[in-house]
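In: Sequence first, then the predicted structure, then my questions.
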Amino acid sequence: GQQVMQIPQYQHVQEGEDFTTYCNSSTTLSNIQWYKQRPGGHPVFLIQLVKSGEVKKQKRLTFQFGEAKKNSSLHITATQTTDVGTYFCAGPPNTGNQFYFGTGTSLTVIP
Amino acid sequence: ETGVTQTPRHLVMGMTNKKSLKCEQHLGHNAMYWYKQSAKKPLELMFVYSLEERVENNSVPSRFSPECPNSSHLFLHLHTLQPEDSALYLCASSQDRDRGQGNAFFGQGTRLTVV
């Protein structure tokens, strides 16, 4: 079956430092989605990337989709304590209704 | 905050009990999902329903039984569970993926503890 891996599994940063999480799929993805789950909360949709090589920005967050549509990254510039949580990528296959989530990266921001 | 509502929020049940988790979405979506989230494990896709028809069952033990009576409601019936089934159970909905639309909207989850 489809596998979506993320690295690192955990990341601790000082407030103000940058953070990056990487997502790698064993198969080509029709698109990639990113979600954030705050501690004690549920996953919340952040963004979707569709095109090969696409880059999107949301304030301090930069999302990138690889040229081969098998990997993606999320970069946060100058982290804040509000960025704390687990970030998941999700890679639906070309057809079907499945959302297969990556293993997640748990971000801790030290004030 | 969310258009997907799950009840109950917390559930403690014995291994011989029978209980049901309920999910309701108010977003007009036609696909619904059950996920299991255990500590230090990725989100595990359990079941997928599209237009009230089960389209995916990811080798889930038969002690978990889903039911989708209409496109707005999804149930997960539980019986003779094991302690290792303790986890956060998340329901999600989306617009039909086959039309290339939509992202998943999650409910707040049911925290299940099996004793």
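Out: Everything's here; your move. Treat the numbers as computed from the prediction; the structure is a model and nothing was measured. Residues are numbered from 1 along each chain as shown, chains lettered A, B, ... in the order given.

In: Would you mind listing what in chain A touches chain B?
Out: Within chain A, the positions near chain B by Cβ under 8 Å from any Cβ of the partner chain are A:1, A:30, A:33, A:35, A:41-45, A:48, A:88, A:90, A:92, A:95-104. Where you see a C-beta, it was placed from the backbone N, CA and C, and this is true even at glycine.

In: how does it look with 7 Å?
Out: For chain A, the residues in contact with chain B (Cβ under 7 Å from any Cβ of the partner chain) are A:33, A:42-43, A:45, A:48, A:88, A:92, A:95-104.

In: Could you measure from the residue nearest to the spatial centre of chain B over to residue B:62?
Out: Closest residue to the average C-alpha location of chain B: residue B:34 at 2.7 Å, with Cα atoms, centre = their mean. According to Cβ to Cβ, to the nearest Å, residue B:34 and residue B:62 sit 14 Å apart.

In: same deal with residue B:49?
Out: The gap separating residue B:49 from residue B:62 is 17 Å, by Cβ to Cβ.

In: out of these two, which sits in the more crowded spot?
Out: The residue with more neighbours, out of residue B:49 and residue B:62, is residue B:49; 21 against 7, by other Cβ atoms under 10 Å in any protein chain shown.

In: and the more buried one, what is it in contact with?
Out: B:31-32, B:55, B:68, B:74 (Cβ atoms under 7 Å, 6 or more residues apart in numbering or on different chains).

In: who touches residue 51 in this structure?
Out: Chain wasn't specified; assuming chain A. Here residue A:51 is in contact with residue A:65 (criterion: Cβ under 7 Å, 6+ apart).

In: try chain B instead
Out: With contact set as Cβ under 7 Å, 6+ apart, residue B:51 has these partners: B:30, B:71.
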